[in-house]
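Engineer: Have a look at this fold, sequence not included:
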């Protein structure tokens, strides 16, 4: 059966989870096309716009299809850097805005920490708390991933210092006065341990724990905080079990190596913690992604995360799992760390992107002791809860987590077949659910594949140096996955 | 004429800028009332809710009146910490959400740095750029005040380092590698000079420039950045011209003093810059509020800001004016620094709150040299531009900046009369437009006045230690101002 016929049938035979969705991508111009280029010239007059790929027509985009201003219809497996759980213009989300009460939620944005609306407690219960990781009963809402991590670090610092005070809030005058001029003991030397290759945001605190690309960090002052090695696995995981277990041990317990610029860094997590303790800059928290996303979709085993939790506990450091990119369903579970069989829940789990609102779950002992310590004007945005409410209803009604699993299976087996067919071009397919990445043989080929996928109507995205990442919506169905595999096969077959 | 009769007449005689607005406040229960208390108990189960004052009914709130869940109708001169330019449920804002295109803007939130919508350039032109401070042609959109300042600092760091490189983007390998592990030269020692009493946000970078209250800063590590004295004026300004001029000079050029915990700090801005240069942590930027808001509505003269700009230029430090609280009209001009007659525009002006969206204007030489250096997933939110568009139209149509001036005059002269009437209770009334504060004799009295104003149906807010700040909406009219003065007079008259 020819590919075209196959897709014709598959598209017609299955119903889309987004009614009226386009049947297939179609590309009329180069991407970006002439209209996008014209708009880019306009925008560049007022902004640094070098990152803009195209201008979208959000009136015509629908479901899994992003339509650009030149009329190109693109199958979107990148979905606004992984932030569109139901794709574009989902009818349930639009319908939520028909309701007068919800419109007023958009218009009357309160300072949630001072004047929340009557329905705020019940809305938090029915949305964010209804999908809270097991064992996590407390919640802070924020606006984006960076500020969620920034504030979660503050919770860990405050908890660490409170424990040092024996659980009291008896601040000394010296503490109160010294913190006002950025000096210890009030503004203490405390650190957060992070991992090579990690990405936790771009504001100055979290940027000190981001280590994915120099372009994010160059020229910006940073805190002297410890950085541990993250496992570098061989893929496929099931064929390299023994070797990858050894890699876990190397990262957690054994190895020490010379850093690229010559200074000695202990990769071993415990030694780093002890070293920073000795230099008077103790580790108050450990932050880690369940899958290092921006850094190249680097995976680590459940064992690695379990062991890390034990180490955090041993040193009374907070254990923060950053689910900004992995949270909200793309791995087949609501939270990726639920794949890890942790002994207890993490201390803090941050989220944003697919959840619409930023924020974090936390164990109640990580809540600030007194008010206004973790606070800002808005403390989140009810508009985003209105949207999240509609999204969670659709996830449940359509059982989207199982759709993710099915589509993930199609993607994973399809890309693995292509790996076998084109071993010189792509390798190391890995992932959970539809949160999947494969590597190109080198950076140049990666860029080339992403660009040529675009000419065939597929919007994907890179990660790390050689990775191509899938970040489709949760309504990305098996027939979309087949379509993606077909386009990727065409691209690889045409590679010279 | 009795007060009641007077207000009856004044309310009936003038038309409200928000049709259907309540005629006067009315208080049925204690505030917070029983329903608020019940909801607070619920919310406290999942959050640190000690800062919550009441639960609002945003369906019933209208114009300048905040209605709480217990049915109390409060004249709101605090407006969600100064973030509601048109008050509650303004018909033009609600109408903006009737439009299908705007609904889709709420639902299809793009990664604006990569896939902006077709109308993004023209929307930025017709909204944010249409009210840009003179001479500021570039723009970055963000989500809140903290992240606007965080990213603006990055722009200043990058500009400072680029100048050191002779304007090129020739990064060395050592720079690229060292920044990845938070070390110089890639992550250089650079500082931002800020002022005592300032507030620029709560994430870790900007928190190092915030010095208003210890509760914001305690237990959180900070950068070693210089902190200069901010003028401490005598009020009223027009009666203390000579003395306040001397205070400017002390802050900018002369004084040195012992800090409260004993370490010597040079208050003099130039000396601080030279001192930090000498210790290898040069000042890349100066950040200052046009009126120190959270810190107590501390004013400084146009001369102070002019001189500060000259000093910044002399040392090639960026000059950032933080208009997060002052921007958007409450001082009678769109931007408070427009009162200062600066020689040229500031290098960067940050905003949020009344502008709905965070972000900053900047001179084009402060734009990053290459893409992705100042970037994040969302880079702002088109929903907020939809709302801002409606707001700016109303500001223009109703000439709200002149309403601000008129109401500000009523407030200022009314509170000054009360100062004269109750000199032992309140003093130091100061402000621009309706952005007005007066001081209570001490902190206890301040809390007492704020609480008793509430029992009379007025929601105000404190700032600094003894300040009571007016942050009404731009639709706060003279008759509202008279109502406020009346309630304040009652409170002061009843003070024992």
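Structural biologist: Thanks, I have it. In this text, all values refer to a predicted model and were calculated from it rather than measured experimentally.
Engineer: Run through the residues of the stretch 351-496 of chain A sitting next to chain B.
Structural biologist: Contact residues, the stretch 351-496 of chain A versus chain B (Cβ under 8 Å from any Cβ of the partner chain): A:352-353, A:356, A:367-368, A:370-378, A:383, A:387. Any C-beta I mention is one placed from the backbone N, CA and C, and that applies to glycine too.
Engineer: That should have said the stretch 201-350 of chain A, apologies.
Structural biologist: Going by Cβ under 8 Å from any Cβ, the residues of the stretch 201-350 of chain A near chain B are A:201-206, A:208, A:211, A:213-225, A:227, A:259-261, A:263, A:265.
Engineer: among the residues you listed, which are in helices?
Structural biologist: A:204, A:205, A:206, A:214, A:215, A:216, A:217 (DSSP state H).
Engineer: Show me just the buried residues among those residues.
Structural biologist: A:204, A:205, A:206, A:214, A:216, A:217 (16 or more other Cβ atoms under 10 Å in any protein chain shown).
Engineer: who wins for most neighbours among the residues of the stretch 351-496 of chain A next to chain B?
Structural biologist: Ranked by neighbour count (other Cβ atoms under 10 Å in any protein chain shown), those have residue A:352 at the top, with 30 neighbours.
Engineer: Need phi/psi at the nearest residue in space to residue A:115 that is not next to it in sequence.
Structural biologist: Nearest non-adjacent residue to residue A:115, counting by Cβ to Cβ, 6 or more residues apart in numbering or on different chains: residue B:56, 4.9 Å away. Note on residue B:56: its backbone torsions stand at phi -100, psi 150 [degrees, to the nearest 10].
Engineer: ditto for the one 4 residues further on
Structural biologist: When quoted as degrees, to the nearest 10, the phi and psi of residue B:60 stand at phi -100, psi -20.
Engineer: Quick check on the residue nearest to it when sequence neighbours are not counted: phi, psi?
Structural biologist: Ranked by Cβ to Cβ, 6+ apart and with sequence neighbours excluded, the top spatial neighbour of residue B:60 is residue B:67, at 4.0 Å. Dihedral pair for residue B:67: phi -110, psi 130, per degrees, to the nearest 10.
Engineer: Pull the contacting residues for residue B:67.
Structural biologist: If you count contacts by Cβ atoms under 8 Å, 6 or more residues apart in numbering or on different chains, residue B:67 has them with B:56, B:57, B:60, B:61, B:73, B:74.
Engineer: Low-confidence stretches in chain A?
Structural biologist: Within chain A, the segments meeting pLDDT under 70 span A:1-14, A:253-267.
Engineer: go again using 50 as the cut-off
Structural biologist: Applying pLDDT under 50 to chain A flags residues A:1-2, A:9-12, A:254-266.
Engineer: Would you mind confirming that the residue nearest to residue A:115 makes contact with residue B:69?
Structural biologist: Yes - the criterion here is Cβ atoms under 8 Å, and residue B:56 meets it with residue B:69 at 7.0 Å.
Engineer: I'd like to know which of the contacts of residue B:67 is nearest to residue A:156.
Structural biologist: Taking Cβ to Cβ as the measure, residue A:156 lies nearest residue B:56 of the contacts of residue B:67, at 31.7 Å.
Engineer: State the three-state secondary structure for the nearest residue to residue A:293 once chain neighbours are set aside.
Structural biologist: In space, and not counting its chain neighbours, residue A:293 is closest to residue A:325: 4.2 Å by Cβ to Cβ, 6+ apart. For residue A:325, the assignment made with DSSP: H, G, I helix; E, B strand; the rest coil gives coil.
Engineer: Got phi/psi on residue A:325?
Structural biologist: Taking degrees, to the nearest 10 as the convention, residue A:325 sits at phi -100, psi -30.
Engineer: Any idea which residue is closest to the centre of chain A?
Structural biologist: residue A:325 (1.2 Å; Cα atoms, centre = their mean).
Engineer: contacting residues for that residue?
Structural biologist: By Cβ under 8 Å, 6+ apart, the contact list for residue A:325 reads A:82, A:145, A:289, A:291, A:293, A:294, A:353, A:471.
Engineer: can you list these in TSV and add secondary structure?
Structural biologist: Output for these, formatted as TSV (three-state DSSP):
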residue	secondary structure
A:82	helix
A:145	helix
A:289	coil
A:291	strand
A:293	coil
A:294	coil
A:353	helix
A:471	coil
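Engineer: which of the residues in the host helix or strand of residue A:270 are buried?
Structural biologist: Assigned by DSSP states H and E, residue A:270 falls within helix A:269-278. Buried residues in helix A:269-278, counted by 16+ other Cβ under 10 Å: A:269, A:271, A:272, A:273, A:275, A:276.
Engineer: gap between that helix and the chain center?
Structural biologist: The chain centroid and the centroid of helix A:269-278 are separated by 28 Å under Cα atoms, centre = their mean, to the nearest Å.
Engineer: can you check stretch A:392-402 too?
Structural biologist: Taking Cα atoms, centre = their mean, the mean C-alpha location of stretch A:392-402 is offset from the chain mean by 20 Å.
Engineer: Quick one: residues in contact with it.
Structural biologist: Applying Cβ under 8 Å, 6+ apart, the external contacts of stretch A:392-402 come out as A:17, A:85-86, A:90, A:92, A:127, A:130-131, A:329, A:332-334, A:433, A:474-475.
Engineer: ditto for stretch A:305-317
Structural biologist: With Cβ under 8 Å, 6+ apart as the test, stretch A:305-317 has contacts from A:156, A:160, A:163, A:193, A:248, A:252, A:269-270, A:273, A:277, A:283-286, A:288, A:290, A:318-319, A:321, A:337, A:340-344, A:346-347.
Engineer: so of the residues you listed, which ones are in strands?
Structural biologist: Of those, the ones assigned to strands by DSSP state E are A:193, A:283, A:284, A:285, A:286, A:288, A:318, A:319, A:321.
Engineer: next SSE after whichever strand or helix holds residue A:359?
Structural biologist: Per DSSP H and E, residue A:359 falls inside strand A:358-362. Using DSSP H and E, the helix or strand that follows strand A:358-362 in sequence is helix A:382-397.
Engineer: quick one: the residue with the largest distance to the centre of chain A and chain B, what's the gap?
Structural biologist: In chain A, residue A:173 marks the outermost C-alpha relative to the chain mean, sitting 40.8 Å out by Cα atoms, centre = their mean. For residue A:173, the distance to chain B equals 9 Å [Cβ to the nearest Cβ, to the nearest Å].
Engineer: contacting residues around that residue?
Structural biologist: Applying Cβ under 8 Å, 6+ apart, no residues contact residue A:173.
Engineer: chain center to stretch A:404-419, what's the gap?
Structural biologist: Centroid separation between stretch A:404-419 and its chain, computed with Cα atoms, centre = their mean, is 21 Å.
Engineer: Oh, that last question was meant for stretch A:197-206, not what I typed.
Structural biologist: 12 Å.
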